[in-house]
Every structure is written in structure tokens, then in C-alpha cells.
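**Student:** here is a sequence with its predicted model. Questions after.
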Amino acid sequence: MIGTALQQQFDLSHPDIKQKMLSLTPLAELHPNIPTILIDHDDNPQWNKPEELQTSKDRYKNVKVIFLVRDPRDVVVSAYFEQKKRVYLWADGFKQDKSLKKYLDRIKPYEGNLSEFLYEDVGSLKTLLRYYNIWEKNRHIPKYFLLVRYEDIHENPHQELRIVLDFLGVQYRDEVINEAVNYSSFEKMRNMEKTQKFDLKLKPANLEDEESYKTRKGKVGGFAEYLNEKEIAYINHLINDTLSDFYGYKA
């Protein structure tokens, strides 16, 4: 949505404009009024154990941070399918990244099932909850900090996009907001992924396997379709006991 809004607002054109819209960072090169926006999986929690996570976010003290979160129950299901069915798409590229060298033995398709993944030490629920808590404690570090929740985007995408663009200091027209929300609907993103209009950031591992798509479900509360009552109770217990109230995800 951000990429589409910027492209529409500033009437950007380029042979690879769709890729640039998805990456965001290159858009700053196309117009002086577009800020440099870096998309970052900060500290790679998907490859870390809880105790391995960095506890300081001092490197962000001079920048604005938009922290995008989602209900941990849905995240852990999504993380499972990402590691189970999609990791091989980009594993080779990751292994060439020097910053990821310490994770070489972990960057591989997950071999267990979802029930087993819930209790894993690496990149699963406990890591995610600690990661959220670390950011809550460090949210005063960045120059400016904005929390954005997936569920709020799902409920009111127009409002959330306005909040984000205001935070970025970008002016926009109402029709730009409408166009960006429409262009970025789940159905259209799924079709773009299915027709492979983008690179690995939006590409299915198997065209015939819905669970291997990046645009997999697009639901709020979809975890209930995959987890049994005992597993949900376990997750809720961890969330209620350990997760900061700041996020509003306690059951």
C-alpha cells in the first residue's frame, strides 16, 4: 500500500516500478520528496532462540521506526509454513549474506509438523514473544516510533495507511489512498503472486499448493483452523503470562 500510494502521489514511472514499489527503498531515488524507507526483519528472530535476541535497539535512535506486528497466534502458524514450504526459495541467497553466516545450520526447510514447531527453541513462539517485549521496552529509543497492527490494517486499511503516510511526512490525495488500498487487496496480491509478476518476495514455492504462497490466507484469527484447543490454550497461556499489554493481544 505504501509503495502504491507513493507511486500514485508522485506519478512515478520506471521500467521496474512494480519491483521498486514492493521494495520501497529505491523509490527515494525517483523523487526528492520521498523519504528513504528500509524494510527490515530486524535481528532475524526467525533464526534465533529467545536468549539470542539483541536487547538494545540503539542503532535506530536517529530514525523513525514503523513497527508492524500481528497476533502471535497467527504469526506462529505463518512462520511454520514459511519455514516448512518456502525457505528453500531464498535459502541459497541467505547463505551468501555474511550477516547471516551464524545461522547457516538453521536456514533450511523445517522437517517437523506444526504442533512440534510451536515448541521449537528457534524462531517460534517464545522467540516471537520476547522479540515483541524487547521492542516494547526500546520503543523510546527511535527518534519516532509508530506501532501498526495487522488486525487494524485489516479492519480499516484506509485509516491505517493515512496514519503511516502522516508519520512518514508524505502528503497525499484521497484518491491515492483509495487506489493504494484497492491495488493491495488480498485477491489482487494473490493474483499477482500466482502470475509471478514479482521476484522472490512475492512468489509461491508451488503454484498448486496454497500453503506455499506468501499471500497464504490473509485472515485475522486464521490460526483456529490449524491449532487444536490444547495448542491454543498453551499459546494463550504464554501470551497472557509473558507478553506486554502494549500490543493488545492477551486473550
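**Tutor:** It's in. Numbers count the residues shown, from 1 in each chain.
**Student:** for the rest of this, base every contact and every neighbour count on C-alpha atoms.
**Tutor:** Will do.
**Student:** mind listing the helices for the stretch 1-150 of the chain?
**Tutor:** 2-9, 17-23, 72-81, 87-95, 114-117, 125-138, 150-155 (DSSP state H, counting those that start in this stretch).
**Student:** how about the second one: buried residues?
**Tutor:** Read that as helix 17-23. Within helix 17-23, the residues scored as buried using 16 or more other CA atoms under 10 Å are Ile17, Lys18, Gln19, Lys20, Met21, Leu22.
**Student:** surely Ser212 and Gln83 touch.
**Tutor:** No. If you go by CA atoms under 8 Å, Ser212 and Gln83 don't touch, sitting 9.8 Å apart.
**Student:** distance of Val76 from Arg190?
**Tutor:** Distance, Val76 to Arg190, using CA to CA, to the nearest Å: 21 Å.
**Student:** which stretches of the protein have low pLDDT?
**Tutor:** Along the chain, the model assigns pLDDT under 70 to residues 90-91, 93-95, 197-201.
**Student:** middle-most residue in it, spatially?
**Tutor:** Leu68 (6.5 Å; CA atoms, centre = their mean).
**Student:** residues in contact with that one?
**Tutor:** By CA atoms under 8 Å, 6 or more residues apart in numbering, Leu68 lies in contact with Leu147, Val148, Arg149, Tyr150.
**Student:** again, only using 10 Å
**Tutor:** Contacts for Leu68 (CA atoms under 10 Å, 6 or more residues apart in numbering) come out as Leu146, Leu147, Val148, Arg149, Tyr150.
**Student:** out of the residues you listed, which is most surrounded?
**Tutor:** Val148 (18 neighbours; other CA atoms under 10 Å).
**Student:** okay, and the beta partners of that residue?
**Tutor:** Leu68 (DSSP bridges).
**Student:** tell me the contacts of it?
**Tutor:** Residues counted as contacts of Val148 (CA under 10 Å, 6+ apart) are Ile66, Phe67, Leu68, Val69, Arg70, Glu160, Leu161, Ile163, Val164, Tyr247.
**Student:** now these: which count as buried?
**Tutor:** Buried residues within these, counting neighbours by 16+ other CA under 10 Å: Ile66, Phe67, Arg70, Glu160, Leu161, Val164, Tyr247.
**Student:** quickly name whichever of those is closest to Trp135.
**Tutor:** Trp135 has its nearest neighbour among those in Phe67, at 8.6 Å by CA to CA.
**Student:** ok, that closest one - contacts?
**Tutor:** If you count contacts by CA under 10 Å, 6+ apart, then Phe67 has Asp40, Asp42, Tyr132, Trp135, Glu136, Arg139, Phe145, Leu146, Leu147, Val148, Arg149 around it.
**Student:** same question for Gln96.
**Tutor:** Leu104.
**Student:** tell me the spacing between it and Ile141.
**Tutor:** Using CA to CA, Gln96 is found at 31 Å from Ile141.
**Student:** next: Asn44.
**Tutor:** 19 Å.
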